[in-house]
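Q: Give me the fold of what follows.
(chains A and B)
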There are 2 protein chains.
Amino acid sequence: MSHAVTQTAARAGGGLLLAGILLSACSTSSDAADAAPEDGRLLIDGGTVVVMDDAGTVLEGGAVLVDGGAIAALLDAEAARPADVPVLDATGQLVIPGLVNTHGHAAMSLLRGLADDLPLMTWLNEHIFPAEAELVDPDFVYWGTLLSSIEMLKSGTTTFADMYYFRDEAARATIDAGIRAVIGPHVIGFPAPDFASPAETLSDAAEFMERYRDHPTLIPGMAAHSLYTTPLDDVRAAAQLAIEYDAPFQVHTAEDASESATATELTGMGVVEALASIGALRPGTVLAHSIYLTDEDIERIAAGGAGVSHNPQSNLKLGIPRAAPVVELLAAGIAVGLGTDGAASNNDLDLFDEMDTAAKLHKFTNADPTALPAEAVFRMATMGGARVLNLHDRIGSLEPGKRADIVLLDTRRAGLTPLYNVYSHLVYAARGSDVSTALVNGRIVVRDGRVLMVDEQEVMERAHTFRDRVREVVARVAAEAR
Amino acid sequence: MSHAVTQTAARAGGGLLLAGILLSACSTSSDAADAAPEDGRLLIDGGTVVVMDDAGTVLEGGAVLVDGGAIAALLDAEAARPADVPVLDATGQLVIPGLVNTHGHAAMSLLRGLADDLPLMTWLNEHIFPAEAELVDPDFVYWGTLLSSIEMLKSGTTTFADMYYFRDEAARATIDAGIRAVIGPHVIGFPAPDFASPAETLSDAAEFMERYRDHPTLIPGMAAHSLYTTPLDDVRAAAQLAIEYDAPFQVHTAEDASESATATELTGMGVVEALASIGALRPGTVLAHSIYLTDEDIERIAAGGAGVSHNPQSNLKLGIPRAAPVVELLAAGIAVGLGTDGAASNNDLDLFDEMDTAAKLHKFTNADPTALPAEAVFRMATMGGARVLNLHDRIGSLEPGKRADIVLLDTRRAGLTPLYNVYSHLVYAARGSDVSTALVNGRIVVRDGRVLMVDEQEVMERAHTFRDRVREVVARVAAEAR
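A: Sure, this is the predicted structure:
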């Protein structure tokens, strides 16, 4: 959606306005304002506040005071409420930190379910790559990223880290949707849809990092696809720029059993060892997947301070027969967050699903029902993810001083009744569709389960036109192969 | 939905229809009057009909004609529509067979999340058993089963098999909710909340089987808890009664590594061997879990015609380090369905979650992304489950002549856009909350995501009073243990 279109939609939209009036007539939450301005004050009152501080504070009937886009104070049930502050009624709801999705390829939601249950190389070579080669352009990335931003916001994710192409359009989509995102230059060792080489990708990368360095929600970050696709010198150059800008740096790491051998062939070192050799294992480096790690690798990661993005659903679906050693990584003090990976290999972007799967998978692989208890998993989806992205001074918990990225989850349905333990519900029973409200940087961007900043219907219609083109391309490629 | 209302809605313009939807969303009370009578005619038109016949027919823009509680006809997009039949508009929706949950303990939803992430024996002895011993009475079972029936209907399950206590109250709850269920006498070799012994349980079991044998939605079935809790003679007696009434027979089978040794000690035979020896491996026998099976066991099950209920989420959560050999069971021609197990060990009753987990788990354990493709998994949740319960002449697909157990799933949201393949969406991306409408035996029991037959709010309030009592009991038991 171009800015012009966005403004038109915001001004016009008789249907939306009608819907707003009807909804407010029967709304269960008091509407302080439509989308509250970022600098406004708001008291989110009456819910169960799950703070995610180190002490694991939970305030039943508590309140969160939002001021100027930040969390100004937490109030317990007995504390006096400030006067003259608009109130968002959170009765029956859990008030939680917005979830953090530490790895994905947002625009690939346009290829969601295009081809499943196939060997990796068939999936890539006969479906994904042909579709991407012909179709991935600025428009594809803008609309695909917008589609994913809507899905994520509606399911409680307020920050995501993205690794794809056409960074400018991806950034614009997240800003239009009102979601916090880590986006930036992405080097890969073969011609990509946006740039023909890592050198071209890097040529004006600094300009991007510079432009967004003080943006309220767009966090510029560097990415290198992987050591098996990209020469180590280019990975190093990308990592160096991340260091220069104190920015996140994303890289696929040890997702597949063959990666270590390939890295050794190319660099004389294992994957993690090679990343260590270029100084890339620092805080803010996101090692996506990190399945095939040795004990030495875990020591290297812990020593360097890098974080791991755990993507259990994508890994399982691709038939990778090992699980990331999450219990061991946490025991080593390494920051671990959750990621959905792209919707083409998951096939959704709902971190509630990912929490449920993570909690159960590691009980199975460790033969231990006490492994990864619910609270630890919810911490991975919030503070853990914030630490992985090195943004834990800003997001990941509801502690005063942090940015107001806050989600309300409505527990008033049979499937979430009764409630004995908030973490148990959040991990094992809740779904993204239970999210009623989301704030990013103090602004309400989801209310009553609807996105407020963009027109979901219009975005879906655009997605349908891309689907038609994708089908044409895939059919032609299949015909040509015969 | 009364016919008059349906016809009005069908005639009304877009604006009025929108207003109607939004206004109906304000309603919090049940409107049983709107549920269509079981003998009415209804045309579900304009959706994508996923038939689940052997050919895997999918009708885009197709229609299902319901008449007298049964499926009377399937119409493709071009076929003429019958006149004077009320229309249920399925535009943008998938029209699927109601899902079949082949194993659970419905009333245990009142203990959902009471205690998680604990070793099995701690969980049972310090939490579940004390709570059950003091609290499980007819009232607990009625309200707990009602709570679960609501959760299941709203997430697309129209039939479930239950194994718990107080069969009369459980049956009444499912009839009140309008869900199809397999319920009946359940023998266990120690004093249970309802009967002191298997002999007592069986004393008037025939009366229960007799009473419901022609009921439109309540299918009387026998159950024996397991061979490790119940003497083989009592298991045999229960199985015999099932044979007499041509009814389903449920039994926990090979869930844990230790079961085989225990069975050998008690009976001189392995678990499956012992069940074979009493003639229990017949069609309609539901072998719940079936994880620790030998190749010989699989041959015995295939030869006898029994079915397997696969409960992946419960198994994973309990830290059982093996997966049921589902790929092998299917290859042997054995009927395999999905089950949620009780909400106390899952912690939800959403079969969409269970499908997603099943599809991914077996790719992982088989190191094969082509294992259990989405269509095979959706078949397990529908026709597979129907075969397991020996009800495949009545339910499990949308073929004419079957009972009209039909679910509409709304695909019109960002997270289900675009749509390339219906099975992929159903298994990997949809959630129970996408269900808009459910019919059981031709009667609309869920509409616009709300149950019509019972008052969900009232049931939740009852559940809260049980929660308070459960907390008291568990606190007292903990204090006494000190």
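
Q: Return the residues in contact with residue A:167.
A: Going by C-beta atoms under 8 Å, 6 or more residues apart in numbering or on different chains, residue A:167 touches A:183-186, A:194, A:208. The C-beta positions use only the backbone N, C-alpha and C, and glycine is treated the same way.

Q: Export those as TSV, with columns for distance to residue A:310 and pLDDT.
A: Formatted as TSV, those follow (distance: C-beta to C-beta, whole Å; pLDDT from 0 to 100):
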residue	distance to residue A:310	pLDDT
A:183	21	98
A:184	22	98
A:185	25	98
A:186	21	97
A:194	28	94
A:208	28	98
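
Q: wait, which of those residues is closest to residue B:158?
A: residue A:183 (43.9 Å; C-beta to C-beta).

Q: Next, give phi and psi for that closest one.
A: phi -140, psi 150 (degrees, to the nearest 10).

Q: quick one: contacts for it?
A: A:162, A:167, A:170-171, A:174, A:218-221.

Q: Let's see which of those end up in helices.
A: Residues of these located in helices (DSSP state H): A:167, A:170-171, A:174.

Q: Contacts for the helix or strand hosting residue A:386 next, please.
A: Per DSSP states H and E, residue A:386 falls inside helix A:385-388. The contact list for helix A:385-388 (C-beta under 8 Å, 6+ apart) reads A:99-102, A:159, A:286, A:307-309, A:335-338, A:392, A:394-397.

Q: Take the residues you listed and keep only those in strands.
A: Among those, the subset assigned to strands under DSSP state E consists of A:99-101, A:159, A:286, A:307-309, A:336-338.

Q: Just the buried subset of the residues you listed, please.
A: Neighbour-count burial (16 or more other C-beta atoms under 10 Å in any protein chain shown) applied to the ones in strands among the contacts of helix A:385-388 gives A:99-101, A:159, A:286, A:307-309, A:336-338.

Q: in chain A, which ranges drop under the pLDDT threshold?
A: A:1-39 (pLDDT under 70).

Q: and with 50 instead?
A: Where chain A drops to pLDDT under 50, the residues are A:1-35.

Q: returning to what we had before: just the ones in strands among the contacts of helix A:385-388 now: which is nearest chain B?
A: residue A:101 (13.3 Å; C-beta to the nearest C-beta).

Q: For the closest one, list each beta-bridge partner.
A: residue A:160, residue A:338 (DSSP bridges).

Q: these two touch, right, residue A:340 and residue A:104?
A: Yes: if you go by C-beta atoms under 8 Å, residue A:340 and residue A:104 touch, sitting 5.3 Å apart.

Q: Quickly list what's touching both of those two.
A: With C-beta under 8 Å, 6+ apart, residue A:340 and residue A:104 have common neighbours residue A:349.

Q: buried stuff in stretch A:219-232?
A: A:219-228, A:230, A:232.

Q: I should have written stretch A:249-261 there, sorry.
A: Neighbour-count burial for stretch A:249-261 [16+ other C-beta under 10 Å]: A:249-256, A:259-260.

Q: Residue A:50 contacts residue A:426, doesn't it?
A: Yes: with contact defined as C-beta under 8 Å, residue A:50 counts as touching residue A:426 (7.4 Å).

Q: These two - which one has more neighbours?
A: Comparing residue A:50 with residue A:426 by other C-beta atoms under 10 Å in any protein chain shown, the one with more neighbours is residue A:426, at 28 against 25.

Q: quick one on the thing from earlier: common neighbours of residue A:50 and residue A:426, please.
A: Contacts common to residue A:50 and residue A:426, judged by C-beta under 8 Å, 6+ apart, are A:94, A:96, A:378.

Q: Tell me which other helices or strands whichever helix or strand the last one is part of touches.
A: Meaning residue A:378. For residue A:378, the enclosing helix or strand under DSSP H and E is helix A:374-379. Contact here means 3 or more C-beta pairs under 8 Å, 6 or more residues apart in numbering or on different chains; DSSP states H and E; on that basis helix A:374-379 packs against helix A:351-365, helix A:422-424.

Q: Can you tell me what sits against it?
A: A:50, A:52, A:56, A:330, A:355, A:358-359, A:421, A:423-424, A:426-428, B:116-117.

Q: chain center to the host helix or strand of residue A:45: distance?
A: Using DSSP H and E, the element containing residue A:45 is strand A:41-50. Remark: strand A:41-50 is offset 24 Å from the chain centroid, using C-alpha atoms, centre = their mean, to the nearest Å.

Q: residues of it that come out buried?
A: Buried residues in strand A:41-50 (16+ other C-beta under 10 Å): A:41-50.
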